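[1] What follows is a predicted protein model with its sequence.
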Amino acid sequence: MPQMTPLVLTKAEAKAREQFLAERKTCVGGSDIQHLLGLEFGCERRLFYDKAGVRADFPEHVNNHIRRGILLESIAKREYTASTGRKLFKGQFCRHPKFPFMGVHLDARIRPAKGVPEGTLECKIPTFRAFRSYKQTQLPAANYVVQAHYNAFVAGVTWSSIDIFNPDQMDTLWFDQPLDMDIVGPLPEIVGSFWQLVQSYWHGSIMENPYPKLERTDKRCATCPWRTQCQQLGETPSILLDAAADEIKGIEFEIDDDPSLATQALKLHALNKSRLASERLEKAAKQELEDMLGERNAVEVPDAVRVFWKETIRNEKARPARKTSAFSLKVVPLSQTIGDEHGEEATSEAEAD
């Protein structure tokens, strides 16, 4: 596994985080909703393991996304206040008065002012690329929206605001979300049914995780703390699948000696090493070009190339809640562009990431 940078907290911060982790075990929180609704990174099975208190196979590492959110949240809130002029109350843990299995840790409460009632604030500090896409589309991610509405519903207010902060350029976006009962209306039943299953596991009424497994090759499984007992994946979740039986090879099997494979196997190994080295160089060059492009959507180098951001839709055939858009960096030589009859240019299929 890659080496993780430890999360360094003050004593007060460490105590607050310990309390946060203890409270989140007693309910379904805002960040848990994506799992129950099957949003992009969600997995009902993983959430059940977590809430039921099943011992994990591997510790859940605090990755860079989580570290960034924890360490920069206070700065994000200060920048939100500076950008909007809104005053904030300190965040707190609260439960829905009617549905105690629904609870949220609010990043902050927004003070009422000038006829605007109290609201809740949800802070997000994504990567620079994700921030760019939100800025260009003026739309937050679907899981952000659902979490914001869930927070407002549990806290008993009529609106929430999503604060998206980019520390690279100290830039802030915000998206105000009036509470939509079409979104939150079904949630008490969905969350309640899930929580009943968790309690049934606690009481011994059910012995196994009742939710279906993902495909073994799903990227979500690769870093799941319960990947061994769920998918029989180890410390390094690299597996070979049998195309016919869909069974994992490499656990127990017989090795046959065949010297005739040597030349081709070594050739493949050398090509694979070359490919990995090339991919690392390509990734570094792409990142450098992305930094040089900055906030510009497109740049043309006369008689050379055009560099621009192209939007793609992920999960295009899925239901609307699962559709997401992303921007990828494209580099196209001008010799590969074709002018149409209206004078507009269409890129060829030779576009390269």
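    Good, I have the coordinates. Here the structure is a predicted model, which means the values were calculated and not measured.

[2] Residue 304 and residue 334 touch, don't they?
    Yes - using CB atoms under 8 Å, residue 304 is in contact with residue 334, at 6.4 Å. In this view, the C-beta of every residue, glycine as well, is placed from N, C-alpha and C.

[3] Give me the more crowded residue out of the two.
    residue 334 (13 against 10; other CB atoms under 10 Å).

[4] Next, the contact list for the more buried one, please.
    Contacts here follow CB atoms under 8 Å, 6 or more residues apart in numbering; on that basis residue 334 touches 300, 303, 304, 305, 306.

[5] So in terms of bridging, what pairs with the first one?
    Partner residues in beta bridges with residue 300: residue 306, with DSSP bridges as the criterion.

[6] residues touching it, list them.
    So residue 300 contacts 306, 307, 334 (CB under 8 Å, 6+ apart).

[7] returning to what we had before: which one of the contacts of residue 334 sits closest to residue 205?
    Nearest to residue 205 among the contacts of residue 334 is residue 306, at 62.0 Å by CB to CB.

[8] From what I see, the closest one and residue 332 are in contact.
    Yes - the pair residue 306 / residue 332 is scored as a contact, 5.1 Å apart, by CB under 8 Å.

[9] pLDDT score assigned to residue 341?
    You'll see residue 341 listed with a pLDDT of 35.

[10] same thing with residue 248?
    We have a pLDDT of 40 for residue 248.

[11] what does residue 252 give?
    45.

[12] Any regions of the stretch 101-250 of the chain where pLDDT drops low?
    235-250 (pLDDT under 70).

[13] Could I get the full set of strands for it?
    For the stretch 101-250 of the chain, strands defined by DSSP state E, counting those that start in this stretch occupy the ranges 103-105, 108-110, 119-124, 159-166, 171-178, 240-241, 248-249.

[14] can you redo the ones you listed as JSON lines with distance to residue 12 and mean neighbour count?
    Shown next, in JSON lines, are the strands of the stretch 101-250 of the chain (distance: least, CB to CB, whole Å; neighbours: other CB atoms under 10 Å):
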{"stretch": "strand 103-105", "distance to residue 12": "16", "mean neighbour count": "22"}
{"stretch": "strand 108-110", "distance to residue 12": "18", "mean neighbour count": "23"}
{"stretch": "strand 119-124", "distance to residue 12": "19", "mean neighbour count": "26"}
{"stretch": "strand 159-166", "distance to residue 12": "22", "mean neighbour count": "23"}
{"stretch": "strand 171-178", "distance to residue 12": "26", "mean neighbour count": "16"}
{"stretch": "strand 240-241", "distance to residue 12": "48", "mean neighbour count": "11"}
{"stretch": "strand 248-249", "distance to residue 12": "46", "mean neighbour count": "14"}
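
[15] which stretch among those comes nearest residue 285?
    Nearest of those (CB to CB): strand 159-166, 22.9 Å.

[16] Run through the neighbouring helices and strands of the closest one.
    With contacts taken as 3 or more CB pairs under 8 Å, 6 or more residues apart in numbering; DSSP states H and E, strand 159-166 sits against helix 64-84, strand 119-124, helix 128-137, helix 142-155, strand 171-178.

[17] quick one, that strand and strand 119-124 angle?
    Put simply, strand 159-166 runs at 30 degrees to strand 119-124, going by axes from the mean of the first three to the mean of the last three CA atoms, to 10 degrees.

[18] mind saving the C-alpha coords of strand 159-166 as CSV?
    What follows is strand 159-166, C-alpha atoms only, in CSV (Å, rounded to 0.1, in the frame of the first residue of the first chain):
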residue,chain,number,x,y,z
TRP,A,159,-32.2,25.8,3.1
SER,A,160,-28.6,24.9,2.9
SER,A,161,-25.5,26.3,1.2
ILE,A,162,-22.7,24.3,-0.5
ASP,A,163,-19.3,25.9,-0.1
ILE,A,164,-16.7,24.7,-2.6
PHE,A,165,-13.2,26.1,-1.8
ASN,A,166,-10.1,26.0,-3.9
